[in-house]
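Colleague: sequence first, then the predicted structure, then my questions.
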Amino acid sequence: MSNKQTKWLPIPSVAEGMGNLEQAAAILRKGGLVAIPTETVYGLAADATNPQAVTSIFEAKGRPQDNPLIVHIHDIQALSGPSREIPESALLLARHFWPGPLTMILPKADCIPSVTSAGLDTVAIRLPSHPIARALIRQAGIPLAAPSANRSGSPSPTTALHCLHDLEGRVDAIIDGGPCQVGVESTVISLVGKPRLLRPGAITAEKIRSLLPDLEIDPAVVQQPPPDAQVASPGMKYKHYAPHCPVFLVDGPVEAFPNWVNAQAAQEPGIFALCSDEDLPLLHCPALSLGPLADGKAQASHLFGVLRELDEKGAKKAYARCPRQEGIGLALYNRLIRAAAFHIIKI
Ligand code: AMP
Ligand code: MG
């Protein structure tokens with residue numbers, strides 16, 4: 001792997017960061033790699049139309065070659081660049097949810113090389129709402145391919161320091177734009193054929209159904225795909241988001257979780273609870289909270305930071321409270337079940 005001098009580019013706001021923004025845009029135009037803040041998680045950006053640049057994303061992340069990348073654009077008009085056909089449903093969703101954390105799978109145009117779409121005839125497209133991400137795409141003048149800026153398999157980065165930890169020496173620059181607001185990756189929906197939710201996110205299935213009532217949810221959102229299954233979204237077959245310490249999801253009545261974990265802690269030294277604020281005073285073992293039980297948005301924004309903290313604190317094993325599979329809770333469940341390698345304990 002190359003040994004790059006990773007530049008640290010603080011950009012507190014678009015207005016204050018013009019010089020650094022232009023530096024980052026110049027690196028991208030030359031085929032380099034820049035970790036950038038978005039409202040979901042930090043992205044590892046490169047020119048989506050440049051096969052060499054895109055190949056270097058896969059190398060820097062250690063990402064499997066068959067896992068396609070999301071192409072980021074800076075306004076709705078730019079949709080007709082990477083996509084050769086835009087169905088009415090895409091325009092409807094774009095008008096409602098863009099800029100924002102929604103990715104749409106559409107037929108791919110020829111300007112997007114097959115390495116970006118991992119050989120598929122479709123392409124994933126998103127218009128992020130983060131002002132720095134949008135200003136950078138506009139400034140660079142090219143669509144940016146940007147998967148999460150972590151080493152493949154580890155929790156997605158929600159701060160610039162997470163990117164530095166995973167990718168120092170592997171990328172040309174990291175833009176520090178502060179912590180990400182949403183904290184989980186974008187909702188992914190396929191609009192090739194019947195609308196299908198491939199990955200849940202902050203734009204919830206319920207919100208999309210209010211516009212597209214026939215939305216289907218891909219079974220791989222909540223279940224482990226069988227080993228050789230053809231999955232609609234290649235990313236869903238890989239182990240993901242995992243800290244080094246093993247994680248188990250604990251599913252049962254709301255009030256049962258702290259007592260069950262306390263009983264477990266009496267037998268197993270070194271365990272941690274991944275819990276809600278309400279559990280903290282009731283637990284007798286080390287615990288990390290995602291936020292208040294009823295605040296799914298807060299829980300999502302803390303999830304990946306807390307998964308990283310488990311390793312920093314030397315947790316031997318973690319028992320996580322199982323989220324309810326509705327609203328943004330479906331996104332939390334989808335990430336946690338993969339962090340837990342699909343291990344669920346029913347209590
Ligand atoms: P990441 O950029 O790491 O957040 O992952 C992007 C997600 O979108 C992965 O799960 C990919 O498998 C999925 N994806 C990207 N492009 C396509 C596509 N053309 N068809 C289906 N899924 C896609
Ligand atoms: Mg990722």
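Modeller: That came in fine, so what should we check first? Ligands and ions are numbered 1, 2, ... in the order given.

Colleague: get me the contact residues on this structure for ligand 1.
Modeller: Within the chain, the residues that sit near ligand 1 (C-beta under 6 Å from any ligand atom) are 67-70, 105, 117, 120, 122-124, 147-148, 185, 188, 198-199, 232-236. Using the backbone N, CA and C atoms, a C-beta is placed for each residue, glycine as well.

Colleague: among these, which are in strands?
Modeller: Of those, the ones assigned to strands by DSSP state E are 70, 105, 122-124, 188, 198-199.

Colleague: out of those, which is most surrounded?
Modeller: Using other C-beta atoms under 10 Å as the neighbour test, these are led by Ala124, with 28 neighbours.

Colleague: for that one, give me the pLDDT.
Modeller: We have a pLDDT of 98 for Ala124.

Colleague: what do you get for Lys237?
Modeller: The predicted local confidence for Lys237 is 68.

Colleague: again with His240
Modeller: For His240, the predicted pLDDT is 67.

Colleague: now swap in Glu16 and tell me
Modeller: 88.

Colleague: ok, it to ligand 1 distance?
Modeller: Using C-beta to the nearest ligand atom, to the nearest Å, one obtains 28 Å as the distance from Glu16 to ligand 1.

Colleague: quick one: secondary structure of that residue?
Modeller: coil (DSSP: H, G, I helix; E, B strand; the rest coil).

Colleague: do Ala229 as well
Modeller: coil.

Colleague: and for Ile137?
Modeller: helix.

Colleague: again with Phe272
Modeller: strand.

Colleague: excluding chain neighbours, what is closest to the closest residue to ligand 1 within the chain?
Modeller: Here the chain gets closest to ligand 1 at one residue, Gly235, 2.1 Å apart by C-beta to the nearest ligand atom. Nearest residue to Gly235, sequence neighbours excluded (C-beta to C-beta, 6 or more residues apart in numbering): Asn67, at 5.1 Å.

Colleague: residue contacts, that neighbour?
Modeller: Counting by C-beta atoms under 8 Å, 6 or more residues apart in numbering, Asn67 touches 118, 147, 234-235, 238.

Colleague: mind saving the C-alpha coords of stretch 324-338 as PDB?
Modeller: The C-alpha trace of stretch 324-338 is given here as PDB (Å, rounded to 0.1, in the frame of the first residue of the first chain):
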ATOM      1  CA  ARG A 324     -37.300  -1.600  17.600                       C
ATOM      2  CA  GLN A 325     -37.500  -2.100  13.900                       C
ATOM      3  CA  GLU A 326     -39.400   1.000  13.000                       C
ATOM      4  CA  GLY A 327     -38.600   4.500  11.900                       C
ATOM      5  CA  ILE A 328     -34.800   5.200  12.200                       C
ATOM      6  CA  GLY A 329     -34.800   2.100  14.500                       C
ATOM      7  CA  LEU A 330     -34.700  -0.100  11.400                       C
ATOM      8  CA  ALA A 331     -31.400   1.500  10.400                       C
ATOM      9  CA  LEU A 332     -30.000   1.000  13.900                       C
ATOM     10  CA  TYR A 333     -31.100  -2.600  13.900                       C
ATOM     11  CA  ASN A 334     -29.700  -3.200  10.400                       C
ATOM     12  CA  ARG A 335     -26.200  -1.900  11.500                       C
ATOM     13  CA  LEU A 336     -26.200  -3.500  15.000                       C
ATOM     14  CA  ILE A 337     -27.300  -7.000  13.700                       C
ATOM     15  CA  ARG A 338     -24.300  -6.900  11.300                       C
END
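
Colleague: pull the most distant pair out of the ones in strands among the residues of the chain next to ligand 1.
Modeller: Across these, the longest distance by C-beta to C-beta is 15.4 Å; it joins Val123 and Arg199.

Colleague: from Gln52, how far out is Val247?
Modeller: Going from Val247 to Gln52 by C-beta to C-beta, to the nearest Å gives 37 Å.

Colleague: what of Asp75?
Modeller: Counting by C-beta to C-beta - Asp75 and Gln52 are separated by 27 Å.

Colleague: and which of the ones in strands among the residues of the chain next to ligand 1 is nearest to Leu307?
Modeller: Arg199 (17.2 Å).

Colleague: quick one: residues contacting that closest one.
Modeller: Applying C-beta under 8 Å, 6+ apart, the residues contacting Arg199 are 103, 185-188, 221, 233, 235-236, 334.

Colleague: now with 6 Å?
Modeller: By C-beta atoms under 6 Å, 6 or more residues apart in numbering, Arg199 lies in contact with Val188.

Colleague: tell me where the stretch 151-300 of the chain has helices.
Modeller: 160-167, 205-209, 257-267, 296-312 (DSSP state H, counting those that start in this stretch).

Colleague: let's have those in JSON lines, adding mean neighbour count and mean pLDDT.
Modeller: Shown next, in JSON lines, are the helices of the stretch 151-300 of the chain (neighbours: other C-beta atoms under 10 Å; pLDDT from 0 to 100):
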{"stretch": "helix 160-167", "mean neighbour count": "22", "mean pLDDT": "97"}
{"stretch": "helix 205-209", "mean neighbour count": "16", "mean pLDDT": "98"}
{"stretch": "helix 257-267", "mean neighbour count": "17", "mean pLDDT": "97"}
{"stretch": "helix 296-312", "mean neighbour count": "21", "mean pLDDT": "96"}
